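Colleague: what shape does this take:
(chains A and B)
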Amino acid sequence: GAGVSQSPSNKVTEKGKDVELRCDPISGHTALYWYRQRLGQGLEFLIYFQGNSAPDKSGLPSDRFSAERTGESVSTLTIQRTQQEDSAVYLCASSLAGRTYNEQFFGPGTRLTVL
Amino acid sequence: QKEVEQNSGPLSVPEGAIASLNCTYSDRGSQSFFWYRQYSGKSPELIMSIYSNGDKEDGRFTAQLNKASQYVSLLIRDSQPSDSATYLCAVNLGGTSYGKLTFGQGTILTVHP
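Modeller: Numbers count the residues shown, from 1 in each chain, chains lettered A, B, ... in the order given. This is a model prediction of the structure:
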């Protein structure tokens, strides 16, 4: 079956511009996660959606970052007024349900470069 | 102390040998543990999950969990050059933190012919 898809695969933008990154989870997966991976670094949790529950936004680094998800489908991560330190690979993952034991499967990521 | 720590490596083993990757975690309440493989320029790929103390085997991979020692490991038997990658240990704390995975920094493994 189809895995997690993300678009665009690469995004180059100028400092101060806004960007939108899209994630399409595996069909039937109710939980969706965003992580960030800076060059040579580990993965940082950003935000987590589970069904119609309020999202866990505890990992968002600043108020320039926001994310939305409509129902149990596509999610959009928006970064406003991008800064050079936002350059990273943004990874989306999904799981059957946002419970402790559920395995998360990652999409290919969006590589964001802020000039 | 970092929440999830891995031996940074790089770890180099000859083809056919056993590669041993280690991970420790700080939160005694952690409930589930995952190993991901990440090839250079690619996204993480789930290779093993483990929830109970003891060993779990899947093909050439064995995950070992010891909650008392807060330690999880991954053994790769009969290592192949195609196993060369960064291996990420991830921990789910459970409770109100369910859903969030905390990752270690990764161990770079090189399998040389």
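Colleague: can you get me a residue count around the residue lying closest to B:P113 once chain neighbours are set aside?
Modeller: For B:P113, ignoring the flanking residues on the chain, the nearest one in space by Cβ to Cβ, 6 or more residues apart in numbering or on different chains is B:E15 at 5.1 Å. Where C-beta positions appear, they are placed from N, C-alpha and C, glycine not excepted. By other Cβ atoms under 10 Å in any protein chain shown, 12 other residues sit near B:E15.
Colleague: which residue ranges of chain B form strands?
Modeller: Along chain B, the segments classed as strands by DSSP state E run B:4-6, B:11-14, B:19-25, B:32-38, B:45-50, B:54-58, B:61-66, B:71-76, B:85-92, B:101-103, B:107-112.
Colleague: tell me the angle the longest one makes with strand B:32-38.
Modeller: Angle between the axes of strand B:85-92 and strand B:32-38 is 160 degrees (criterion: axes from the mean of the first three to the mean of the last three Cα atoms, to 10 degrees).
Colleague: now do strand B:85-92 against strand B:107-112, angle only.
Modeller: On the basis of the same axes, to 10 degrees, strand B:85-92 is oriented at 150 degrees to strand B:107-112.
Colleague: ok, back up a step: nearest to A:L46, of the strands of chain B?
Modeller: Among those, strand B:101-103 comes nearest to A:L46, with 11.5 Å by Cβ to Cβ.
Colleague: quick one: list the elements packing against that closest one.
Modeller: Contact here means 3 or more Cβ pairs under 8 Å, 6 or more residues apart in numbering or on different chains; DSSP states H and E; on that basis strand B:101-103 packs against strand A:43-50, strand B:85-92.
Colleague: partner strands of the last one, with direction?
Modeller: What it means is strand B:85-92. strand B:32-38 (antiparallel), strand B:101-103 (antiparallel), strand B:107-112 (antiparallel) (DSSP bridges).
Colleague: average pLDDT across that strand?
Modeller: Averaged across strand B:85-92, the pLDDT comes to 95.
Colleague: which parts of chain B sit against chain A?
Modeller: Counting by Cβ under 8 Å from any Cβ of the partner chain, the residues of chain B lying close to chain A are B:31-32, B:34, B:36, B:42-46, B:49, B:51, B:88, B:90, B:92, B:94, B:98-106.
Colleague: let's have the strands of chain B in a markdown table, adding distance to A:R111 and mean neighbour count.
Modeller: Shown next, in a markdown table, are those (distance: least, Cβ to Cβ, whole Å; neighbours: other Cβ atoms under 10 Å in any protein chain shown):
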| stretch | distance to A:R111 | mean neighbour count |
| --- | --- | --- |
| strand B:4-6 | 24 | 20 |
| strand B:11-14 | 27 | 14 |
| strand B:19-25 | 26 | 21 |
| strand B:32-38 | 14 | 22 |
| strand B:45-50 | 17 | 18 |
| strand B:54-58 | 31 | 12 |
| strand B:61-66 | 29 | 18 |
| strand B:71-76 | 27 | 20 |
| strand B:85-92 | 17 | 24 |
| strand B:101-103 | 18 | 23 |
| strand B:107-112 | 20 | 18 |
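Colleague: out of those, which gets nearest to A:P55?
Modeller: A:P55 lies closest to strand B:101-103 among the strands of chain B, at 15.6 Å (Cβ to Cβ).
Colleague: hey, what's B:S12 bridged with?
Modeller: With DSSP bridges as the criterion, B:S12 is bridged to B:T110.
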